[in-house]
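I need the structure of the sequence given here:
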Amino acid sequence: MLTNYHWTVVKGDGERMLVTGPVYIPREVDTQGEAATKEQIEEMAHAWFLAGSALKVDVNHNHEESGSVAVESHIVREDWPHPQYPVGTWLVTTLIRDETLKADIRSGKINGYSFEGSVDRTVHVALIRHPVEASGTTEKSEGGPYPAHVHQVHKLAFDSDGRVIPTETEPAFGHTHQIIGTTHVERAADHGHGYRLVQGEGNE
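Residues are numbered from 1 along each chain as shown. Prediction:
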């Protein structure tokens, strides 16, 4: 479940490490080109905990328990909003206990959550809105050989299916990152950055 698909907030207290981030955001297309409603996400979140999976957190879907434990789970609600994520988002906080995994998180090699599950697929025709063009900055990275920094992203474009047309960031400290997905840039110079599309003047 810990992987490199979504940005994660890291909170450290000495040797104690807690990581918090979104597992699933309503109607946001994931790396499989799929999305879920807030109702579906809540059902998944509850089923995951009822199955005892909080004690079975793995890394990059290797199905091997990492020793990490999901100690908090929260669905963002209208009467309990979150400043960054929309209503229906599933947020999880995990206690990280393995030293190698801690190092991978600090370096940005592991920087988020990914939910794995079986699904029954059916075909539906729907009219959806998706960005045509966007611009902004990546999230800050503090891993790798450079000081904490972000990259400017200009004219990120999307095809008719809402998928990112591959491009790259503007340079910072002499390097750039390829952008091929909607949640993170590709790793370069031993670090990576996450990014999220937020509706505004830069996202039409």
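
what lies in contact with the lengthiest helix in the chain?
As assigned by DSSP state H, the longest helix anywhere in the chain is helix 38-50. Identification of contacts with helix 38-50 by CB atoms under 8 Å, 6 or more residues apart in numbering yields 23-24, 26, 36, 54, 70, 73, 75, 87-90, 115, 117. C-beta coordinates here come from the backbone N, C-alpha and C atoms, glycine included.

I'd like those residues laid out as TSV, including pLDDT, neighbour count and secondary structure.
Formatted as TSV, the contacts of helix 38-50 follow (pLDDT from 0 to 100; neighbours: other CB atoms under 10 Å; DSSP: H, G, I helix; E, B strand; the rest coil):
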residue	pLDDT	neighbour count	secondary structure
23	88	21	strand
24	88	24	strand
26	88	19	coil
36	84	20	coil
54	88	18	helix
70	91	20	strand
73	91	16	strand
75	95	17	strand
87	94	14	coil
88	94	20	coil
89	93	20	coil
90	93	24	strand
115	78	20	coil
117	63	8	coil
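
from those, which is closest to residue 125?
residue 36 (18.1 Å; CB to CB).

so the spatially closest residue to the closest one that is not a sequence neighbour bridges to which residues?
In this structure, residue 36 finds its nearest non-sequential neighbour in residue 24, 6.1 Å apart by CB to CB, 6 or more residues apart in numbering. Going by DSSP bridges, residue 24 is paired in beta bridges with residue 90.

435 is where my numbering starts, stick with that
All right, first residue 435 from here; so that's residue 458.

which residues sit in contact with residue 458?
Residue 458 neighbours (CB under 8 Å, 6+ apart): 464, 470, 475, 478-479, 523-524, 549.
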